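[1] Using only what follows, build the 3D model:
(one chain, ligands or ions: 2)
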Amino acid sequence: MKPLLLKGGRVVDPANPGSGTLRDVAVVDGRIAVPQPGQAYDTLDAGGCVVMAGGIDLHSHIGGGKVNLARMLMAEDHRAGPNPIALPSNALELASCGTCTPGTLATGYRYVEMGYTAAFEPAMVPSNARHAHMEMGDVPVLDHGAYVMLGSDELFLQLLAEGGAAAANFSQIRDYVGWTVNASKAMGVKVVNPGGISAFKVNQRKLDVNEPHVRWQVTPRQVVHTLARALKDLGVPHPLHIHGSNLGVAGNIASTLETIAALEGLPAHLTHVQFHAYGTEGPKKFSSAAAQLADAVNANPQISIDVGQIIFGQTVTASGDTMRQFANADLASPRKWVGSDIEAMAGCGVVPFRYREASYVNALQWAIGLEIFLLVKNPWQVVLTTDHPNGGPFTSYPHLIRLLMDRGFREEQLAKLHPDVAANCALKGLTRELTIEEIAVMTRAGPAKLLGLKDRGHLGAGAAADIAVYREQPDREAMFATPAHVFKDGVEVARAGRVLATPAGGVHFVEPGYDRAIEKTLRRHWEEQGAIRFEHVAISHDELCTCCNRGRLLPAALFEGAAA
Ligand SMILES: [Zn+2]
Ligand SMILES: [Zn+2]
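    Ligands and ions are numbered 1, 2, ... in the order given. Next up, the predicted model:
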């Protein structure tokens, strides 16, 4: 591949000094390089454009059992194919469809057309890891990875109960976490409704942070603290990814703040916090607690969040939180839902949903998400997400970016909503407009840092040449919807909203060390309760590569000071 020079663009690269200046960016052998005088380059005029690293979605449901269940449940989302538009001669003929439940191919195409080059599946069930990797491997272009779900699996809860309040067997639990991350080739660990998915299986219909699980007598507080501590000890760069207790319940801000307290200063990432920032004030006993949440995030620099913004229209919610999805099933639109489970390890509930502007609750949820974005001071602690597809499809990101960058546009939208909402929330008074630097942090530099990806999310020399070139436009939605050029590892993969090439993406994973003595316990557990032999549970490098469509293996470095 001949060296490439992107000339004269405004380089927005918040991870490196000199961001926002006009300069050239060189690409040599798929990596960012320092431009050399006298070197022969293919040149591309980036004048009038903003040049950024490729976008990274740190929380998007793109692979694994419940994504497939959602596709099957939402046949109507797949009836209409793509519009037969005349394609430029160098564009690929691409067939794949779906909006809130796009097929694997459409997932890759739509992300790449917007300038995204990586996405992470947040809820991989250990016993379904092979399938999740295969499905992500089928997504073209994007690099991918997944967080494995722990915290409602029987073995973890049993070990936690055995260790008692003092966690006497902590090292055993840590080794179990280390083994699971290795075996499933995960990038981190997600806990969903800590302990609650399991509690639901013994008919407990709610489980608050300090409430004991009726069977195991352990609390969500213990689950969260133990997992966060284990990941820190193991040196896994992405801290515990937490989908907290009481998702969607009015007044759940108390549980969210309790969860932060349970961490006792350990680092953690709280996901789709919009769904966890509700108060009980006002005429409908449902109010915004965005300010309380933002205060807590501002006061705890070791905590990061993604928002899970809702977007009006049809979507489908697909969650590991069987307890909460069962409770929400009555609200399904269209009226159908599915729940499932594999080997009692986690859970799954898929409920179609239409967010309506005329609904007070939905309109307030929309406002709460935006308030969180605007009230958290440090953009490095916030990641831009819709929790695709739960709050809305990822294809709405350009619209969301405009809402955050353009106050006039935001107020126009607010005026269309249920009339009581503007009066009952703080959004109308928020004058902040996010800058393009802040958007670059929330969509690439920040997520790369939170995942420990040192050579992604920025345009410093040596970084992967994943690049998005956006033509400057006052309409930020139009600007971010259709970048002029998108490069993946130095190859131009999209131009003006059309996919040009579909190389296989790479797979990110992490391999923490652990004491193999734990395998004795695991072998006994799998032989008694698993569907396959213990020897076959762990995914090898060769198998991962085959699963992932022969994509590149991208093992992440552990952070320094890891125990093992
Ligand atoms: Zn979740
Ligand atoms: Zn999610």
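[2] neighbours of whichever residue of the chain sits closest to ligand 2, just the number please.
    Residue of the chain nearest ligand 2, by CB to the ion: residue 387 (4.3 Å). Heads up, the C-betas are built off the backbone N, CA and C, glycines and all. Using other CB atoms under 10 Å, residue 387 has 28 neighbouring residues.
[3] Which phi and psi values does it adopt?
    Dihedral pair for residue 387: phi 50, psi 50, per degrees, to the nearest 10.
[4] Just to check, it is in contact with residue 58?
    No - in this structure, residue 387 is not within contact of residue 58 by CB atoms under 8 Å, at 10.7 Å.
[5] list the residues that contact both of those two?
    Common neighbours of residue 387 and residue 58, counting by CB atoms under 8 Å, 6 or more residues apart in numbering, are residue 306.
[6] Could I have the CA atoms of the one helix or strand residue 402 maps to written out in PDB?
    Taking DSSP states H and E as the criterion, residue 402 maps to helix 397-405. C-alpha atoms of helix 397-405 as PDB (Å, rounded to 0.1, in the frame of the first residue of the first chain):
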ATOM      1  CA  TYR A 397     -25.900   9.200  16.700                       C
ATOM      2  CA  PRO A 398     -25.500  12.100  14.200                       C
ATOM      3  CA  HIS A 399     -28.900  13.400  15.400                       C
ATOM      4  CA  LEU A 400     -27.800  13.000  19.000                       C
ATOM      5  CA  ILE A 401     -24.600  14.900  18.300                       C
ATOM      6  CA  ARG A 402     -26.600  17.800  16.800                       C
ATOM      7  CA  LEU A 403     -28.800  17.900  19.900                       C
ATOM      8  CA  LEU A 404     -25.700  18.200  22.100                       C
ATOM      9  CA  MET A 405     -23.900  20.700  19.900                       C
END
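[7] contacting residues around residue 435?
    Counting by CB under 8 Å, 6+ apart, residue 435 has contacts residue 405.
[8] per-residue pLDDT, it?
    Predicted confidence (pLDDT) for residue 435: 98.
[9] what residues does the stretch 301-450 of the chain put near ligand 2?
    For the stretch 301-450 of the chain, the residues in contact with ligand 2 (CB under 5 Å from the ion) are residue 387.
[10] Now do the strands in the stretch 301-450 of the chain.
    Under the criterion DSSP state E, counting those that start in this stretch, the stretch 301-450 of the chain carries strands at the ranges 303-306, 313-319, 338-339, 349-355, 382-383.
[11] Please convert those strands to TSV, extending it with mean pLDDT and mean neighbour count.
    Formatted as TSV, the strands of the stretch 301-450 of the chain follow (pLDDT from 0 to 100; neighbours: other CB atoms under 10 Å):
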stretch	mean pLDDT	mean neighbour count
strand 303-306	98	26
strand 313-319	96	25
strand 338-339	95	18
strand 349-355	97	23
strand 382-383	98	25
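[12] and the chain, which residues reach ligand 2?
    Residues of the chain lying near ligand 2 (CB under 5 Å from the ion): 122, 387.
[13] Quick check: which ranges of the chain have low pLDDT?
    For the chain, the stretches with pLDDT under 70 are 80-95, 561-564.
[14] For the residue most central in space within it, pull up the helix or strand it's in.
    Nearest to the mean C-alpha position of the chain, counting by CA atoms, centre = their mean, stands residue 59 at 0.6 Å. Using DSSP H and E, residue 59 maps to neither a helix nor a strand.
[15] From residue 188, how far off is it?
    Distance, residue 59 to residue 188, using CB to CB, to the nearest Å: 11 Å.
[16] Same check on residue 147?
    4 Å.
[17] now the closest residue to residue 343 other than its chain neighbours, what's its secondary structure?
    Using CB to CB, 6 or more residues apart in numbering and skipping the chain neighbours, the partner closest in space to residue 343 is residue 127 (4.7 Å). Here residue 127 is recorded as helix under DSSP: H, G, I helix; E, B strand; the rest coil.
[18] right, and residue 127 touches residue 345 too?
    Yes - counting by CB under 8 Å, residue 345 is a contact partner of residue 127 at 5.3 Å.
[19] These two: which is more packed in?
    Remark: of residue 127 and residue 345, residue 345 carries more neighbours, 23 against 20, as counted by other CB under 10 Å.
[20] what are the ranges of the helices in the stretch 351-500 of the chain?
    For the stretch 351-500 of the chain, helices defined by DSSP state H, counting those that start in this stretch occupy the ranges 360-375, 397-405, 407-415, 419-423, 436-440, 446-451, 476-481.
[21] who's in contact with residue 464?
    When contacts are counted by CB under 8 Å, 6+ apart, residue 464 touches 30-32, 455-456, 489.
[22] Filter those down to the buried ones.
    Those of these that meet the buried threshold are 32, 456, 489, by 16 or more other CB atoms under 10 Å.
[23] can you pull the contacts of the second one?
    To tie it back to what came earlier, the one meant is residue 456. Residue 456 sits next to 53-54, 56, 118, 143, 444, 448, 463-464, 466 when contact means CB under 8 Å, 6+ apart.
[24] My guess is residue 317 contacts residue 329. True?
    No - using CB under 8 Å, residue 317 makes no contact with residue 329, being 10.2 Å away.
[25] Need the overlap of contacts for residue 59 and residue 188.
    Joint contacts of residue 59 and residue 188 (CB under 8 Å, 6+ apart) are residue 241.
[26] Now for the nearest residue to residue 457 once chain neighbours are set aside: which residues touch it?
    Leaving aside its sequence neighbours, residue 457 sits nearest to residue 448 (CB to CB, 6+ apart; 2.5 Å). With contact set as CB under 8 Å, 6+ apart, residue 448 has these partners: 15, 53, 56, 454, 456-458.
[27] possible to save those as CSV with distance to residue 231?
    Below are these laid out as CSV (distance: CB to CB, whole Å):
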residue, distance to residue 231
15, 23
53, 26
56, 20
454, 18
456, 20
457, 21
458, 24
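[28] which of the residues you listed count as buried?
    The neighbour count (16+ other CB under 10 Å) marks 15, 53, 56, 454, 456-458 as buried among those.
[29] Residue 209 falls within a helix, correct?
    No - counting by three-state DSSP, residue 209 falls outside a helix, being coil.
[30] And it, how far from residue 555?
    34 Å.
[31] what's the neighbour count on the residue nearest to residue 373 when sequence neighbours are not counted?
    In space, and not counting its chain neighbours, residue 373 is closest to residue 404: 5.5 Å by CB to CB, 6+ apart. Residue 404 has 22 neighbouring residues, counting by other CB under 10 Å.
[32] who touches residue 404 in this structure?
    370, 373-374, 384, 410, 433-434, 439.
[33] what about the residue nearest to residue 430 when sequence neighbours are not counted, how many residues close to it?
    The shortest distance from residue 430 to any residue other than its chain neighbours is 4.7 Å, reached at residue 374 (CB to CB, 6+ apart). If you count neighbours by other CB under 10 Å, residue 374 ends up with 22.
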